[in-house]
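Peer 1: Fold the following for me, if possible:
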Amino acid sequence: MTEVEEVKARLDIVDVIGQYVQLQRAGRSFKALCPFHSERTPSFIVSPERQSWHCFGACGTGGDVIAFVMRKEGLEFPEALQMLAQRAGVPLRERQRSQDEDRQRERLRAAQEAAAQWYRQMLLRSEAARGAREYLERRGVDAAAAEAFHLGYSPSAWEATRQHLHELGFSDAELLAAGLLVEGESGLHDRFRGRLMFPIRDLRGRVIGFGARALDDSPSTGSGQALPKYLNTPQTAIFDKGGTLYGLDRAAEVIRQGGSAVIVEGYMDVIAAHQHGFANVVATMGTSLTERQVRLLKRYTQSIVLALDADAAGNEAALRSYEVAQEALSQAEDQEETSPVVTFWRGLIRCQEVASVDLRVALLPEGRDPDEVIRADPAGWRQIVDSARPVLDQRFQVVEARHDLSSPRGRAGAVEELLPLLGALINPVVRQHYLRQLSRLALIGERELAGMLASARTRRQTSPVQATAATPAAPAKGQAREEFLLALLLQYPHLRPEGAELPEELLWASENRQVLAAWKQMEGIEAVKEALPEELTPHLERLLNRRLPSFSPKEAREALADCRRRLERRQLEAEKQALAALLAAREEDLGPSALAEAAVSAATADERTREVVSLDIRDMEMGRKLHRRGNDGDGGEAAGMSSDG
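Peer 2: Next up, the predicted model:
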């Protein structure tokens with residue numbers, strides 16, 4: 001039994017979730033108002049038997065106890081596991097990061113917080129910060145917004161912040177590790193001098209870094225060279241630009257409740273949006289948009305809008321500040337960046353497909369940024385966001401406008417730009433839709449385009465990975481089929497097209513969802529291992545060592561399809577059971593007479609009664625789905641599972 005399985009085995013999901021929401025018995029399950037969206041009648045079901053939860057309302061998702069804590073607390077898998085392990089009294093294996101390193105991280109956070117307080121006081125009280133205060137006034141930032149985002153000012157002296165933090169007990173080594181100091185030709189000095197300071201916080205609201213904007217009187221380097229307009233904290237032990245979004249600590253709940261998020265580029269864009277009531281806006285801090293940032297937002301919504309300048313959307317050179325990064329498929333060992341930048345539009349589509357989100361593009365008026373638009377015309381900003389278009393639709397429009405489609409060369413250019421983007425699509429129905437659109441655009445047959453796409457994919461295929469011969473530990477009850485599916489994907493690389501279409505929610509165990517998400521995102525076992533939390537290394541090794549039959553490519557596809565059907569049936573059965581519990585509870589509340597009247601005239605029934613009728617219809621539809629699928633036996637998978645001994 002792995003640590004993850006032991007933690008879950010020692011906890012009762014009802015007890016854990018019951019600390020967050022008020023649960024009521026509903027047959028063999030429990031019901032509650034969903035903690036992840038607003039509702040008046042319960043649609044959130046917890047099953048003690050399955051040790052799982054599911055929302056039948058706006059969320060439409062579920063999972064195990066770890067998935068619940070991750071979503072509710074806004075934690076990554078390792079943090080949620082640590083939190084639950086402490087509750088369960090399960091000592092986790094010593095991580096590679098030592099206790100000394102953990103203490104160092106706490107010191108770095110303390111230094112950042114102390115610096116933020118220092119910068120804030122400088123902005124409020126220092127005469128030297130007059131220019132910064134006037135700049136905020138010119139930009140329309142009111143006192144409440146400046147306080148909410150804890151804006152500050154860094155003194156222009158070379159060592160003012162260093163000396164202040166020394167007085168508070170921080171060493172040069174700590175300040176250097178936090179990114180607050182920098183080593184110059186004449187020694188250590190403050191990284192941020194004479195700048196407007198924007199504290200960057202993690203999801204818990206802790207300061208982990210800074211963005212800093214130069215003012216008119218900002219200093220230059222010692223050699224007289226002007227410093228950049230914006231300066232950020234470098235990558236540190238607590239600050240990861242590729243995994244952080246500015247303002248998300250304040251926007252998370254608004255995004256969850258409202259159902260959508262808007263990504264902009266700058267700090268001032270976020271502040272202006274929040275000041276004017278658009279609190280679902282976050283920023284990439286002028287860095288590349290990464291898949292990790294998209295996945296971070298996916299915890300709160302699947303609807304994401306990227307606000308782009310109209311000129312940038314059509315000008316490749318202008319897209320540098322909006323570049324999209326993806327996790328590396330292969331990297332050199334000495335490569336410094338973990339997320340190499342890829343072509344903008346393909347990167348956007350890959351982010352959308354791998355993270356399974358609805359990513360759209362909102363075009364701003366040419367030459368204007370969100371800050372300007374919001375302050376001048378808040379209603380216009382809302383209209384711009386509401387009119388955001390799917391990524392590929394936007395790209396098709398740009399390409400059509402740029403190429404002369406009346407000439408063969410122009411049409412060839414359009415195909416050259418658009419066809420690689422379609423290769424990033426996972427859903428075959430969506431891919432076929434855009435193939436048809438490109439066919440009409442370029443006056444070339446869909447079959448020819450599909451052939452060109454298939455040829456490009458064939459060139460990228462990798463050789464199969466052989467499973468190692470070892471005897472794995474037996475999986476926990478209820479997870480065998482999920483692990484069989486993952487072992488197939490890991491050991492038969494040619495299954496990637498089929499596996500990429502699997503929804504992560506099909507797997508109930510959080511550790512299996514993590515593995516599937518990493519496998520979708522990365523190609524190659526080592527890359528998958530690197531993408532996973534360290535705590536899941538034993539679980540991944542078990543999947544890789546799982547003994548499978550020597551399937552032919554066709555047999556492996558059939559085994560994967562069969563496994564998916566069984567997991568989908570399991571999902572339907574669980575949903576039907578939960579629906580039945582909800583229905584029984586609502587019927588008991590209303591009584592048989594109200595239901596009989598509703599059956600005769602639904603138009604005159606009240607809202608609660610109509611809801612019960614709707615649940616009844618959904619229950620019958622679920623039953624028909626199960627009936628159509630029939631009773632699946634276990635024979636098709638027996639060979640693959642019995643080999644575990």
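Peer 1: who touches Pro533 in this structure?
Peer 2: Glu76, Phe77, Pro78, Leu81, Gln514 (CB atoms under 8 Å, 6 or more residues apart in numbering). All C-beta atoms are positioned from the backbone trio N, CA, C, and that covers glycine.
Peer 1: Tell me the one of these nearest Arg295?
Peer 2: Closest approach to Arg295 among these (CB to CB): Glu76, at 10.0 Å.
Peer 1: which ones are touching the nearest residue to Ala58 once chain neighbours are set aside?
Peer 2: Distance criterion CB to CB, 6 or more residues apart in numbering; nearest residue to Ala58, sequence neighbours excluded, is His37 at 4.4 Å. By CB under 8 Å, 6+ apart, His37 lies in contact with Cys55, Gly57, Ala58, Cys59, Arg256, Gln257, Gly259.
Peer 1: with the contacts of Pro533 in mind, which one is nearest to Leu364?
Peer 2: Closest to Leu364, out of all of the contacts of Pro533 and judged by CB to CB, is Glu76, at 32.4 Å.
Peer 1: gap between the closest one and Asp240?
Peer 2: Distance, Glu76 to Asp240, using CB to CB, to the nearest Å: 11 Å.
Peer 1: what's the burial count for the spatially closest residue to His494 that is not a sequence neighbour?
Peer 2: Setting aside the residues directly before and after it, His494 is nearest to Pro553 in space (CB to CB, 6+ apart), at 5.6 Å. The local packing of Pro553 (other CB atoms under 10 Å) involves 11 other residues.
Peer 1: Report the rounded mean pLDDT for stretch 206-221.
Peer 2: What stretch 206-221 shows for mean pLDDT is 79.
Peer 1: before we move on, what about stretch 272-285?
Peer 2: 95.
Peer 1: Span of it from start to end?
Peer 2: End-to-end span of stretch 272-285 (CA to CA, to the nearest Å): 15 Å.
Peer 1: Name the residues of it that are buried.
Peer 2: Neighbour counts over stretch 272-285 (16 or more other CB atoms under 10 Å) mark 272-276, 278-285 as buried.
Peer 1: quick one: that stretch to chain centroid distance?
Peer 2: Taking CA atoms, centre = their mean, to the nearest Å, one finds stretch 272-285 lying 18 Å from the centre of the chain it belongs to.
Peer 1: Please apply the same query to stretch 528-535.
Peer 2: Relative to the chain's own centre, stretch 528-535 is displaced by 16 Å; criterion: CA atoms, centre = their mean.
Peer 1: distance between the ends of it?
Peer 2: End-to-end span of stretch 528-535 (CA to CA): 13 Å.
Peer 1: Return the set of buried residues in it.
Peer 2: Neighbour counts over stretch 528-535 (16+ other CB under 10 Å) mark Val528, Lys529, Ala531, Leu532, Pro533, Glu535 as buried.
Peer 1: In space, what's closest to the residue positioned nearest the centre of the chain - neighbours in sequence excluded?
Peer 2: Against the mean C-alpha coordinate of the chain, by CA atoms, centre = their mean, the closest residue is Arg295 at 1.2 Å. Sequence neighbours aside, Ala355 is the residue nearest to Arg295 in space, at 5.1 Å (criterion: CB to CB, 6+ apart).
Peer 1: wait, what's in contact with the one you found?
Peer 2: Per CB under 8 Å, 6+ apart, neighbours of Ala355: Glu291, Val294, Arg295, Lys298.
Peer 1: Run a quick neighbour tally on the first one.
Peer 2: Residue neighbour count, defined by other CB under 10 Å, stands at 24 for Glu291.
Peer 1: The second one now?
Peer 2: The burial metric for Val294, expressed as a neighbour count using other CB under 10 Å, is 25.
Peer 1: Was I right to think it contacts Cys351?
Peer 2: Yes - applying CB atoms under 8 Å as the test, Val294 and Cys351 come out as touching, 4.6 Å apart.
Peer 1: Common neighbours of the two, please.
Peer 2: Counting by CB under 8 Å, 6+ apart, the common neighbours of Val294 and Cys351 are Val357, Leu359.
Peer 1: Which SSE is immediately downstream of the worst-scoring helix or strand of the chain on mean pLDDT?
Peer 2: Within the chain, confidence by mean pLDDT, DSSP states H and E is lowest for strand 341-342 among all helices and strands, at a mean of 28. The helix or strand immediately downstream of strand 341-342 is helix 344-355, counting by DSSP states H and E.
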